[in-house]
Structure formats: structure tokens, C-alpha cells
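Quick one, what's the 3D model for this:
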Amino acid sequence: MAEQLFANSLWGDPKQILLEIAGIQQLSELLKAIVRRVTEMPNVALARTWLSRPPLPNDCATCRLASECDDRRKCLHLVASSGNPVAGGQENWSFVDGRFRRFPIGIRKVGHIAKTGQPLEVTNLSEPIPQWIVEPDWIRSEKIVAFAGEPLSYRDRVLGVFAVFTRAEIGESCLHWLRMIANHLAAAIANAQLLEEIDGLRRQLEQENEYLREEVGESSSFGELIGNSPALHSITRQIDLVAPTDSAVLILGDSGTGKELVAREIHRRSRRTKHPLIKVNCAAVPRELYESEFFGHARGSFTGALRDRVGRFELAHGGTLFLDEIGEIPRDLQAKLLRVLQEGELERIGEERTRRVDVRVIAATNRNLKLEAENGRFRQDLFYRLSVFPIELPPLRHRIEDIGLLANHFLDRLARNTGRKRPRLTLANVQELQRYEWPGNVRELQHVLERACIIATDGRLRFDLPSKTSLPEVIKPKQETNILTEREIRALEADNIRAAFAECSGKLYGSDGAAARLGMKPTTLASRIKSLGIGLDQERH
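Residues are numbered from 1 along each chain as shown. A predicted model of the protein is given here:
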């Protein structure tokens, strides 16, 4: 009986609307379908749905009700609208960006419905028109008679507001069915949001799995933290101190000293260990793809963007992001990186939606990042944000006690990987390895041992180590028969390096730099400068 009365007064069979709600799973289609279906009835002038959600970055700046809003964490956003203007009307009421596109929670009647969870049902808007009506002339010209605003409540949570303006009075039986439609719509919205969240998590999991499959071969580049030297004990103590916190860590050290291994150990000992550790080699990312790599992009945002892509920050949500070679990031991108680190918010390329991320950042570099910042090649504010807890890794030549342990570890692993018998590491072998300076550090040690394993057909290890570089002729002693002390040799080497810097105008890198002039790698020369205690920081470029 109630259903028939409802049908005669405003709509047709309301069961059709309920069935339609149950059959749509995609949220955007569901919202549009409901308001369209309701306004197909002749006595309904306008139907609208607002959903509660956080505002986008520029929403508050353009909102006409911003001055009345006390809490800007959430507001009502118009997401679906449909209507039937009076005969001859040219307005399109399906737009969702008009005057009433947003309401703060608790402000105006629609906002009050969302705040209290109580409906507002005015069955007769005849003269005098209530004062809360913002546009009384619109009520008259459109011959609006009644209004009903229903909260979209699901499990004690108000998801939004569903409202209708009608050109006929709304009886109690009509309100009964309208409330039922609102309740079903709220449940459908909650389910659709849950499905979207599950789908988003599934896509994120697929991205993480894809990334982890790519990284699995690199996850144990240097094995575990191996050694018993005082230098390694100092590093371990620093890891124990900083790992339980969420502070940013800057790992400094020469190439090949194991900066990524330390980052993995910090993550493993942190409370984020159940979430992913995502690595970005900043030196390997093409300049034009930096923003997409870090923040992601939407499909069609640029040529070649064939699908949505999750950036590394989103992949690392809840976990740790390791930015290797941080000094290679272009300066124009450093400001955007700083914003994400400070605010925890980002936007994908081609999207206006702001996404929040919870990421701990560990950065690494073999550059003197402080000097780079002082010379304007790296943002000082970003440097201070990254270097909350700096850890400097010693070169391998300062950890000679660890060389034997590291060599045994690498030999064990190489034997397993190659399926060959493990060669024996003798005391003479260890002493030979300890006499070498290892400019390439642990990475060079690994490669030397791998070569030695390949050629050890008789089970004996032979190391192909470069001979010590002879001094250039320009600084050889005039009397070659003189025997120099170790201090004199180091002094000559220091003078030679100073001469090279003077000739190259203080430049270290490049084809016209001191490293090229001396026939050395820049990283090797930088290590040599540090070991000799040469004060050239102010001259290096």
C-alpha cells in the first residue's frame, strides 16, 4: 500500500531504483545513475549528491564559504547532479562545478545534515519561503514546492548528503521510500569505495612485486654487515641509534663502500621493516623522467603515458625510500622533493588530486654535499632536511682487519653461485689483499675475488691487482739514488696533487680537471686527498 501511494505521488516503482543501486559497483557511474534515475520522474525538479572528502590544494582558496569554515580537513563536494528546468529553461543542471559545489561540514542546511546525521525534510515550501533558502527567486521560477535532504549514513559514519527538490508535496510515504533509497545508496557508496580501495591496493601490490622482482638480484650486493674492525663497530652503533626513529639519514662515503647495504640494515632494524624498501638510483634516471619516477603520472598526461603509473614515493608508503646518488637530482626538482619530505603530500603528473604518503627517506652520496650546497649546486634547505643523521662510511683501506672476513664471505657465495669448489684463502692471500689500497673499496674486492675464482683451476687464488702507480716524472727526485722516507713520499705526492689543482684552476672533475691530469679516477683522487690531509675543499669544483 505504501509503495503504491509512493508511486502515485512522485515516482514509479521505487524497487527499480533500489535494484539499479545494487547492480552498479563503480562509484562514479553509481552516483550519476541515481540522480538521473530520480529526475526522470515528472515531479522531481533537481536531485543532487554531495560526498564528504578532503579538499584539494586549491579548493579552499576558491571556495565562497571558506570564511565560514572552521575545519578544512573535510568538506562536502558535489559529485552528481541532474534536473529538469521548467519549460524553455536553458540551464544544464548536470554540472557539478557551480555555486553550490562545496559546503563546509556544519555550514548551511546541507552541511548541517552532514554534521548531525539528521535529515531535513520540508514538505511544503509555500510562501513565505524559509529564510535559509539562498535563492528564493529560483524556488518561485522553478515552481519548487518541497525539499528533502537525507544523510548518507553507513555504520554510524556520514558519507555525504542526498537531496531532492520537487514540484509536488512530499507525503510521509514518499519520505519513507526516499530514506530507504538514501540508506541503500549509502551502503552502495561504502561498498564501491571499499572496492576502489581494494583495487588500488591490488595495483600497488602488483607494482611493489614488479619492483621487488627487479631488485631481488641486488638485495645482497655486499651480503650482510661483515667485519670486526673498530670502524664497522662505530657504524653499527650509529645504525642502532637511528634505525628505530623516522629521522632522515644521509649516508656519505666513497663509491663501493656499501652505502646501500647500510640503508637496508637501517630499514631492517626499523619499525617499517614489514613495509617495502624502495630504491631509486638518481644518477640513472633521465632528467625528463625524474618527476614521473618519483611522483608517478596519470594516463595520457604526456606522450607515452599509456597507463597510470605509481611513483616511487607511493610505492614506499609506510616503508623507506632509498635515494642513491642524491647529489645528481636536478636543482629544479629539488624544491618539489623538499615539499614531499616536509608536507608528506604529492600530486601525480596530470592529476589535481593530492595524495598523502608516509615515507622515511634515506639518502646516499659520494659527493661533498655540504660543499655543493655552499656553492649553490644543491639546495641548502634540502641538504639540512636530508642530513638530520649523517653516517660516514670509511673506505676499505681503513678497515684492513675486515678484508679477510669479507673475502671468505665472497668466496663462499661465489662457490655457491658457480657450483665450483671453493678455493682456499691462505694467510699469504689475505696479506696480499691487505697491502692493496682498494680505491674501488668493497665492490672492487668482490670483483677481484670473482676473477680469481674463475682462473683458480688448480684451487689456488691468484689476484690480478694493479701495481702501485709510479710518481710522475715532473716530481721525481733529481737524484734518483736517494732513498725517501714514507713521510717524504707522502709530502711529494701532496705537492704533486696541489700542483695539478693549481694547473687545473682548482677543478677536480671533467676532462680538464686534476683527476684527468693525474690519470686517476675522481673518486680515487678525492680519497687520496682525504688520506693525505690536503686542505683543498675550498678549491674543488
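
Show me what counts as buried in the helix or strand containing residue 417.
In the assignment (DSSP states H and E), residue 417 maps to helix 403-418. Buried positions in helix 403-418, judged by neighbour count with 16 or more other Cβ atoms under 10 Å: 403, 404, 405, 406, 407, 409, 410, 411, 413, 414. Glycine gets a C-beta too; all of them are placed from N, C-alpha and C.

chain center to that helix: distance?
Helix 403-418 sits 36 Å away from the centroid of its parent chain (Cα atoms, centre = their mean, to the nearest Å).

could you point out which element follows it?
Following helix 403-418 in sequence, per DSSP H and E, is helix 427-435.

contacting residues around the helix or strand following that following helix?
Where DSSP H and E defines the elements, the next helix or strand beyond helix 427-435 is helix 441-455. Contact partners of helix 441-455, identified using Cβ atoms under 8 Å, 6 or more residues apart in numbering, comprise 221-222, 254-258, 395-396, 403, 406-407, 410-411, 414-415, 418, 420, 423, 433, 438, 440, 461-465.

of these, buried ones?
Buried among the contacts of helix 441-455 by 16+ other Cβ under 10 Å: 222, 254-258, 395-396, 403, 406-407, 410-411, 414, 423, 433, 438, 440, 461.

Check which helix or strand residue 494 maps to.
According to DSSP H and E, residue 494 maps onto helix 486-503.

which intervals of the stretch 401-541 of the chain have sub-threshold pLDDT?
Applying pLDDT under 70 to the stretch 401-541 of the chain flags residues 467-482, 536-541.

at 90 what do you get?
Where the stretch 401-541 of the chain drops to pLDDT under 90, the residues are 404, 408-428, 443, 451-541.

what about the residue lying closest to residue 225 once chain neighbours are set aside, which helix or strand?
In space, residue 225 comes closest to residue 265 once its chain neighbours are excluded; the distance is 5.9 Å by Cβ to Cβ, 6 or more residues apart in numbering. Element membership of residue 265, judged by DSSP H and E, is helix 259-268.

can you give me the offset of that helix from its chain's centre?
For helix 259-268, the distance to the chain centre is 18 Å (Cα atoms, centre = their mean).

With stretch 194-205 instead?
17 Å.

Straight-line length of stretch 370-387, end to end?
Start-to-end span of stretch 370-387 (Cα to Cα, to the nearest Å) is 10 Å.

got the contact list for that stretch?
Outside stretch 370-387, the residues that touch it by Cβ under 8 Å, 6+ apart are 248, 250, 326-327, 331, 334-335, 337-338, 341-342, 361, 363, 369, 537, 540-541.

Kindly report the same for stretch 241-252.
Counting by Cβ under 8 Å, 6+ apart, 259, 262-263, 265-271, 326, 341, 360-366, 369, 385-393 sit against stretch 241-252.

List the ones among those that fall in helices.
Counting by DSSP state H, the contacts of stretch 241-252 place 259, 262, 263, 265, 266, 267, 268, 341, 369, 385, 386 in helices.

Quick check, pLDDT for the second one.
What the model reports for residue 262 is a pLDDT of 93.

To what extent is it buried, counted in neighbours?
A count of nearby residues for residue 262, using other Cβ atoms under 10 Å, gives 24.

cool, and residue 430?
Neighbourhood size, residue 430 [other Cβ under 10 Å]: 16.

Please name the nearest non-neighbouring residue to it.
The shortest distance from residue 430 to any non-neighbouring residue, by Cβ to Cβ, 6+ apart, is to residue 404 (4.4 Å).

OK, contacts around residue 21?
Counting by Cβ under 8 Å, 6+ apart, residue 21 touches 30, 34, 181, 184, 185, 188.

Quick one: residues contacting the last one.
Put plainly, it is residue 188. Applying Cβ under 8 Å, 6+ apart, we find residue 188 in contact with 21, 22, 24, 30.

same question, the first one
Shown in contact with residue 30 (Cβ under 8 Å, 6+ apart): 21, 24, 185, 188, 189, 192.

Need phi/psi at the closest residue in space to the second one that isn't next to it in sequence.
Spatial nearest neighbour of residue 24, chain neighbours left out: residue 30 (4.2 Å); criterion: Cβ to Cβ, 6+ apart. The phi and psi values for residue 30, taken as degrees, to the nearest 10, are phi -60, psi -50.

ok, residue 30 to residue 412 distance?
Per Cβ to Cβ, to the nearest Å, residue 30 is found 59 Å from residue 412.

still on that earlier bit, quick check: the residue nearest to residue 430 touching residue 428?
No. Using Cβ atoms under 8 Å, residue 404 makes no contact with residue 428, being 11.6 Å away.

For residue 339, which non-adjacent residue is spatially closest?
Looking at residue 339 with Cβ to Cβ, 6+ apart, the closest residue is residue 345, at 7.3 Å.

Alpha carbons only: can I get stretch 234-252 in CSV?
The C-alpha coordinates for stretch 234-252 follow below in CSV (Å, rounded to 0.1, in the frame of the first residue of the first chain):
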residue,chain,number,x,y,z
SER,A,234,81.1,2.5,15.1
ILE,A,235,78.8,2.3,12.0
THR,A,236,76.8,-0.5,13.7
ARG,A,237,76.3,1.7,16.8
GLN,A,238,75.0,4.6,14.7
ILE,A,239,72.6,2.3,12.9
ASP,A,240,71.3,1.0,16.2
LEU,A,241,70.7,4.6,17.4
VAL,A,242,68.9,5.9,14.3
ALA,A,243,67.0,2.8,13.0
PRO,A,244,64.1,2.9,15.5
THR,A,245,63.3,6.6,14.6
ASP,A,246,61.8,8.1,11.5
SER,A,247,64.6,10.6,11.1
ALA,A,248,66.1,11.2,7.7
VAL,A,249,69.6,9.7,7.2
LEU,A,250,72.3,10.8,4.9
ILE,A,251,75.0,8.1,4.1
LEU,A,252,78.3,9.5,3.0
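
Pull out the buried positions in it.
Within stretch 234-252, the residues that qualify as buried are 235, 238, 239, 242, 243, 248, 249, 250, 251, 252, counting by 16+ other Cβ under 10 Å.

Centre-most residue in this protein?
Nearest to the mean C-alpha position of the chain, by Cα atoms, centre = their mean, lies residue 313 at 1.0 Å.

how about that residue, secondary structure?
Using DSSP: H, G, I helix; E, B strand; the rest coil, the structure places residue 313 in helix.

who's in contact with it?
With contact taken as Cβ under 8 Å, 6+ apart, residue 313 is in contact with 294, 295, 296, 321, 340, 346, 357, 359.

Tell me how far it lies from residue 109.
In this view, residue 313 and residue 109 are 40 Å apart by Cβ to Cβ.

so is residue 152 in a helix, a strand, or just coil?
Put simply, residue 152 is strand when judged by three-state DSSP.

So what sits opposite it in the bridge?
Applying DSSP bridges to residue 152 gives these bridge partners: residue 160.

just checking, it touches residue 181?
No. Here residue 152 does not reach residue 181: they are 10.3 Å apart, not a contact under Cβ under 8 Å.

Quick check: neighbours shared by those two?
Common neighbours of residue 152 and residue 181 (Cβ under 8 Å, 6+ apart) are residue 162.

The two: which is more packed in?
Between residue 152 and residue 181, counting by other Cβ under 10 Å, residue 152 is the more crowded of the two (26 against 21).

Give me the pLDDT for that one.
For residue 152, the model assigns a pLDDT of 93.

same question, residue 100
Note for residue 100: predicted pLDDT of 87.
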